[in-house]
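J.: Just need the structure, nothing else, for what follows:
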Amino acid sequence: MFKSIPKIVSLWAKTVSERNPKKQTQLYSKNAVLLATFQNLFLGHDGVIEYMISFLNKEGIECQIIDNYTQKDDSGKFQISSGLYEFYYLESGIKKTVKARYTFVIKNNLIISHHSSVQPN
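T.: Model (predicted):
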């Protein structure tokens, strides 16, 4: 296990602020599974883009990775990146912060599974 953040996870967090659902969806495999922070299960590019349209619609949204741990399977084909991130956005002019936890499963530099949930208090 190591703390370095896979490039695609860093890119995912960075591009959130661009609010571009199509660009965000391109980081996922065609058959990806997304268990989203603010909604339920989404499958494939159609599901991911459906969620991203809603998620990235938040005014001024940004994402910051707080902590990360990455593992590789024995074959080296998969990376599992788990950690904590925070989302910041404006709601009626007031800055909101959502602390969440994540797990990305990565193969061939694409996200094949992504689980995100609000961090319990």
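J.: would you list every one of the helices in this protein?
T.: Counting by DSSP state H, the chain has helices at residues 7-16, 21-25, 44-55.
J.: Among these, which comes closest to residue 31?
T.: The minimum distance between residue 31 and the helices of the chain falls on helix 44-55, with 5.7 Å, by C-beta to C-beta. Placement of C-beta: from N, CA and C, glycine included.
J.: And for the closest one, what's in contact with it?
T.: 21-22, 24-25, 28, 30-32, 34, 36-39, 41-42, 61 (C-beta atoms under 8 Å, 6 or more residues apart in numbering).
J.: Quick check: residue 104 vs residue 81, distance?
T.: As judged by C-beta to C-beta, to the nearest Å, residue 104 and residue 81 stand 5 Å apart.
J.: any residues in contact with both of these two?
T.: In contact with both residue 104 and residue 81: 6, 9, using C-beta under 8 Å, 6+ apart.
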